[in-house]
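Asker: generate coordinates for the sequence data below:
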Amino acid sequence: MLNSYSSADKVLLAVDCIIFGFDNQGLKILLIKRDFEPEKGKWSLIGGFLKRDEVLDNAAIRILNTYTGLNDIYMEQLYAYSEIDRDPVERTISVSYYALINIENHNAEMIKNYHAQWFSIAEAPDLIFDHNEMLQHAIRRLRYRTSIKPIGFELLPEKFTMRQLLELYEAILSKELDKRNFISKINSLEILNKLDEKDMQSSRKGSYLYTFNKEKYEEKLLNDFVLNL
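Answerer: Numbers count the residues shown, from 1 in each chain. Presented below is the predicted three-dimensional model:
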């Protein structure tokens, strides 16, 4: 058995993170300009290598915290990429994660120091290696999850209007939704707390603000509910 371990091929294991954010201009992706070869000066997803004392989830958490300064980020493991020549330097297998963060909450100075930048999904530059494929997989997964489960609240401020929530879903799904139907389905889930406060910037009368009821949402998840937008 020991001989079989010592004679086995050794490969590197990378973790690449597709970090989505949202602002008034739509859904965005956080990318970093690579400062080393190969592909120096080109845009890349944010990632790193698995350490000996880490499991994959902890590696993703470390990478996300390093580049955004945030903890307790919503993330989900996507796929493993194992094409033999995907990295021209070393045989490297990559496991991808997508993460959702509120752009207002991240550490802007930290991102700037790492030469990272937010891009709208539609205007994202060409990426190195197979990172374009990773991004497209993440977008498809996010759209699917959002169409059946309300998972996008991590992208919103703590207090938000129903209009902001609708615009978030439209940005993720890349389509216009029927406003009345959307509000009816969201309200039927009973996962929002309607506040007495109003956002007076949206209209003369103002729009009521809401918060996300995480406890009720997790209860709904246990009951395996479906949103079906």
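Asker: ok, longest strand in the protein?
Answerer: Counting residues, the longest strand in the chain under DSSP state E turns out to be strand 12-23.
Asker: what pairs with it, parallel or antiparallel?
Answerer: Strand 12-23 pairs in its sheet with strand 26-33 (antiparallel), strand 46-49 (antiparallel), strand 92-100 (parallel), by DSSP bridges.
Asker: looking at those, which is nearest to residue 6?
Answerer: With C-beta to C-beta as the criterion, residue 6 lies closest to strand 92-100 of these, at 20.2 Å. No exception for glycine: its C-beta is placed from N, CA and C like everyone else's.
Asker: what about that closest one, average pLDDT?
Answerer: For strand 92-100, mean pLDDT rounds to 97.
Asker: now do the contacts for residue 68.
Answerer: 19, 30, 101, 106, 107, 110, 111 (C-beta atoms under 8 Å, 6 or more residues apart in numbering).
Asker: in strands, which of these appear?
Answerer: The members of the contacts of residue 68 that map onto strands under DSSP E are 19, 30.
Asker: what is the burial count for residue 34?
Answerer: 16 (other C-beta atoms under 10 Å).
Asker: circling back to that earlier point, out of the strands paired with strand 12-23, which is the most enclosed?
Answerer: strand 92-100 (a mean of 22; mean count of other C-beta atoms under 10 Å).
Asker: and residue 121, what does it touch?
Answerer: 26, 27, 28, 29, 139.
Asker: swap the cut-off to 10 Å and go again
Answerer: Residue 121 is in contact with 20, 26, 27, 28, 29, 135, 139, 171, 172, 174, counting by C-beta atoms under 10 Å, 6 or more residues apart in numbering.
Asker: would you quantify the distance from it to residue 76?
Answerer: 18 Å (C-beta to C-beta, to the nearest Å).
Asker: then residue 112?
Answerer: 27 Å.
Asker: give me the buried subset of the contacts of residue 68.
Answerer: 19, 30, 101, 106, 111 (16 or more other C-beta atoms under 10 Å).
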